[in-house]
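Enquirer: Attaching a predicted model along with its sequence, questions to come.
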Amino acid sequence: MKRLNSELFNELRRTSSYIVAAWKVTRTDGVVMGFTSGDQPFTYGGVEYLPTNSFSASAHVSKNNFSVDNMNAIALTGDHITEKDLMGGVYDNAKVELFWIRPDKPEWGHIPIRGGRIGEVKINKGQFETELRALTQLLQQDFGDFYTLECSATLGDHRCKVRMDPPVWAPEMSCTAEVVSDATLGTVVRPSTPNGFWYYCVNGANTVSTDVPANNPYFQSAHFKALEELSKFFGPITEMFRVVWSRVHSGTGNAMVAQPAVRTLRYGKTGNTEPAWPTTEGATVVDGEVTWQARLAREATGTVTGVYNRAVFDCRDFNTAYPNNYFQYGYLQWETGENAGFKMEIREYTRNPRPGFKLMEAMPYPIKPGDTFRAWQGCPKTRYACKEIFRNIDNMRAFPDMPTEDKALSTPNYSQQGTAVENRRGGKGR
């Protein structure tokens, strides 16, 4: 049941009314836009609603069985909603709220019609048609964490923790050396002049350990002493030092006591002048109290030199040090050209016979020679990649050893096993 203001309810009962339709669009990037079927703009709830007569909507029916009730809306592209933004996915999954209101009496409130999100969009001859999906559609979608064979984290997010946007080197930086299995620890920097490499701290002049104490009380452990010492050096510690727990026998009966595992952390400060950075994969350089190791950057820029279609192009001046499929499953963002600002996932990157990219989907506008872009490395979400490529196996969000449904439901087939035995023996089995 909808609760209405009494004045607004009486307005609805009149033969001639000043009530107009309005719709508010909230994009996923936070931009909010308002439109109205009236001929005068008005402001309601901090949003300015602009007049437009280029909007029409289909009828809709809401049911009480949680089924999805969708509605189609047709509007003209213009200065506010452009064809370029629609094709570029700017309005994908945008939230739409439709309601009635008397614009000169905003204190009366409004009458909600329906709400939902923008679904499929079709563009034809200057107008677009979009599907407004009801909120009940969310009930048909999976959400939350799942047990999956592949990693469910996104490369570089708060669960993955791999550095994808390191800071530029600075003098007297406080740095920690990496721990091979955990990307949470370890400082990564990029040189002040980009050279295609990032540099990882692999050693430091100072050390601190989290030794398991002889006595069991946790609050007297050396782990807290290590954190105290590191806090003096780095300030407040949040995710920089993650506790790794182990279960050990206390020596008294069968009691089990949780204690921190042994871990040694190396740290130090950079020098006063930027070092001469090596440009060979795996090369190292000493900088003050720390040692850096050169590795290919996970981010690179390029220029289009040849175009096959809106999803396949060459960039012959691209850094050929990147191996095949280094950027596969990553994404690319255009910096210049008609597609400037748009992003797209990368399906394939090949180095031979010349560097080139294949995108997951065609770009909304033609790709032209001279267009510049920025590409980021992707992750195949496998255990091998997490361990060997990103050195982050402790944070992997996959369960590669989990049996699949076929394994869980399978039963032994004795007849086939017996036949195999017969064939190996060259005769009938017993």
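Expert: Looks like it came in fine.
Enquirer: For the closest residue to residue 385 other than its chain neighbours, give its distance to residue 370.
Expert: Once flanking residues are discounted, residue 385 sits nearest to residue 379: 5.8 Å by Cβ to Cβ, 6 or more residues apart in numbering. Bear in mind the C-beta positions are built from the backbone N, C-alpha and C, glycine included. For residue 379, the distance to residue 370 (Cβ to Cβ, to the nearest Å) stands at 30 Å.
Enquirer: which one of the two has more residues nearby?
Expert: Between residue 379 and residue 370, residue 379 has the larger neighbour count (other Cβ atoms under 10 Å), namely 22 against 10.
Enquirer: Strands along the stretch 1-150 of the chain, start to end?
Expert: Taking DSSP state E, counting those that start in this stretch to define them, one finds strands in the stretch 1-150 of the chain at 20-26, 32-36, 42-44, 47-51, 55-57, 71-76, 95-101, 110-124, 127-134.
Enquirer: mind listing what the longest one pairs with, with the direction of each?
Expert: Neighbouring strands of strand 110-124 in its sheet, by DSSP bridges, are strand 95-101 (antiparallel), strand 127-134 (antiparallel).
Enquirer: same check, this time on the fourth one
Expert: Strand 47-51 has its sheet partners listed here by DSSP bridges as strand 32-36 (parallel), strand 42-44 (antiparallel).
Enquirer: Just put those in CSV and tack on mean pLDDT and distance to residue 197.
Expert: CSV is the format used below for the strands paired with strand 47-51 (pLDDT from 0 to 100; distance: least, Cβ to Cβ, whole Å):
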stretch, mean pLDDT, distance to residue 197
strand 32-36, 87, 42
strand 42-44, 90, 52
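Enquirer: Would you single out the least confident of the strands paired with strand 110-124?
Expert: Here these differ in mean pLDDT, and the lowest is strand 127-134 at a mean of 69.
Enquirer: Packing partners of whichever helix or strand comes after that one?
Expert: Going down the chain from strand 127-134, the next helix or strand is strand 174-176, by DSSP states H and E. Judged by 3 or more Cβ pairs under 8 Å, 6 or more residues apart in numbering; DSSP states H and E, the packing partners of strand 174-176 are strand 197-204, helix 222-234, strand 264-269.
Enquirer: Toward the C-terminus, what is the element adjacent to strand 174-176?
Expert: Next helix or strand after strand 174-176 toward the C-terminus (DSSP H and E): strand 188-189.
Enquirer: Parallel or antiparallel, list what pairs with that following strand.
Expert: Each strand that pairs with strand 188-189, with its direction, by DSSP bridges: strand 197-204 (antiparallel).
Enquirer: quick one: contacts of the strand it pairs with?
Expert: 166, 169, 175-178, 186-191, 266-268, 277-279, 281, 284-285, 289-298 (Cβ atoms under 8 Å, 6 or more residues apart in numbering).
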